[in-house]
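> can you look at this prediction? I've put the sequence above it.
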Amino acid sequence: MGEADGREDLVLTLGVEVDQGDLQRDLGRFLAVEPGISLVTVQTMFEVDRAGVSGVNIHMFPGAHYAPFSTTDTDGSWRASVHPEYYGLLMFTQAAPPGSQLLPVSDAASKTVELWATIAPDNAIRAVLINDAGAPQTVLLHAPAGATGPATAERLLAPSLTATSAITLAGQSFAPGTTTGALTGTRHTTTIAPASGRYPITLPAAGAGATMLSWRPAVAGDAAR
């Protein structure tokens, strides 16, 4: 495998298509955010989705301060440094997979909580909550229409809004100088059971994280259980 092939394999593992004609063919909107704001990436992507944009190209070039990741060649071995924006993009792609649609939501029982919900083609429902308050808070979420039963929660966590390291998604992170482009560590999720139709969720303070809830698709026989 040549050096260029090694870089391309690593980039493809991280989920970015290598296509020189991409910008000219699919020119639409570009997302450029300052370093360290993975949560703003999540928020921006949902606002773009709400505006009806069908796809977004993330513009980057070697040395770009807003690049989701960067690569280096060390003695013929390609390594990638994954930056905060990538974690935000990864959470968004999990929360809004291809073909998903935004669902109408009521407030999350707090004016300082941002809330989005989606339904995927397989009828899986997901909701993302971000706390804009300066302190952690517990909210009671009314489930989006169609969501029933326990929810699985995972968190995007960062030490602060502008943190550039120590960021995790469901307890996992990318190793510094990763050669695989794969998350490492044990995946950590929690199960939240509804109480009187509402889900109690403790949210970290502003800038410290986002929480995603997932409900599995309903299957025949669920109502009878």
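Happy to help now that I have it. Numbering: from 1, shown residues only.
> all strands for this protein, in order.
69-74, 77-82, 101-102, 113-119, 125-131, 137-142, 151-157, 168-169, 190-192, 198-203, 209-215 (DSSP state E).
> mind listing what's buried in the fourth one?
It refers to strand 113-119. 113-119 (16 or more other C-beta atoms under 10 Å). The way it works is simple: take the backbone N, C-alpha and C, and place the C-beta from them, glycine included.
> which one among those gets closest to Pro97?
For the buried residues of strand 113-119, the minimum distance to Pro97 (C-beta to C-beta) is 8.0 Å, reached by Thr118.
> how about a markdown table for the buried residues of strand 113-119, with distance to Pro204 and pLDDT added?
Formatted as a markdown table, those follow (distance: C-beta to C-beta, whole Å; pLDDT from 0 to 100):
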| residue | distance to Pro204 | pLDDT |
| --- | --- | --- |
| Val113 | 12 | 91 |
| Glu114 | 13 | 91 |
| Leu115 | 15 | 93 |
| Trp116 | 17 | 94 |
| Ala117 | 20 | 95 |
| Thr118 | 22 | 95 |
| Ile119 | 26 | 95 |
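> output the strands of the chain in a markdown table; the columns should cover distance to Gly181.
Shown next, in a markdown table, are these (distance: least, C-beta to C-beta, whole Å):
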| stretch | distance to Gly181 |
| --- | --- |
| strand 69-74 | 8 |
| strand 77-82 | 6 |
| strand 101-102 | 29 |
| strand 113-119 | 25 |
| strand 125-131 | 24 |
| strand 137-142 | 33 |
| strand 151-157 | 18 |
| strand 168-169 | 14 |
| strand 190-192 | 27 |
| strand 198-203 | 30 |
| strand 209-215 | 22 |
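> next, count neighbours for the residue lying closest to Pro194 once chain neighbours are set aside.
Leaving aside its sequence neighbours, Pro194 sits nearest to Ala143 (C-beta to C-beta, 6 or more residues apart in numbering; 6.8 Å). Neighbour count for Ala143, taken as other C-beta atoms under 10 Å: 19.
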